[in-house]
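Student: Would you be able to build a 3D model of this:
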Amino acid sequence: MTAAPEAVDLAVAAAEAASAKFATDIVALDVSEPLAITEVFVLCSAANDRQVRAIVDAIEERLHGMGAKPLRREGETEGRWVLLDFGDIVVHVQLAEERIH
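Tutor: Numbering: from 1, shown residues only. Just a heads-up that it's a prediction; the model follows:
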């Protein structure tokens, strides 16, 4: 099974928005077969907590323009690892040092 075209479009848009805010190590993983809860994970890294917030804001703005709104948003208070759950895709924005572990 492969991710639905709509999920792929959202994942590409999220990756592009992250890249525009200088995210690093951007990866999109098709998890549609092993997971029933979502289709694509998008992971990216940031140098500091301010950049994490900027990336998260850019992704939300871009996907909102496509009609997608996050169902859940976690980790924002600490700013080290923010998870955005859009249903079809889940985005993880992490500090680079957190992602190593």
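Student: When you work out contacts or count neighbours from here on, use the C-alpha atoms and nothing else.
Tutor: OK.
Student: ok, which stretches of the protein are strands?
Tutor: In the chain, the strands defined using DSSP state E lie at 24-30, 40-46, 72-74, 81-85, 89-95.
Student: out of those, deepest packed?
Tutor: strand 89-95 (a mean of 25; mean count of other C-alpha atoms under 10 Å).
Student: ok, it: who's next to it in the sheet?
Tutor: With DSSP bridges as the test, strand 89-95 is paired with strand 40-46 (parallel), strand 81-85 (antiparallel).
Student: one step back: need the strands of the chain in TSV with distance to residue 11 and mean pLDDT, can you?
Tutor: Shown next, in TSV, are those (distance: least, C-alpha to C-alpha, whole Å; pLDDT from 0 to 100):
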stretch	distance to residue 11	mean pLDDT
strand 24-30	7	97
strand 40-46	6	98
strand 72-74	16	94
strand 81-85	12	97
strand 89-95	7	97
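Student: I'd like the strands paired with strand 89-95 as CSV, with distance to residue 10 appended.
Tutor: Below are the strands paired with strand 89-95 laid out as CSV (distance: least, C-alpha to C-alpha, whole Å):
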stretch, distance to residue 10
strand 40-46, 9
strand 81-85, 12
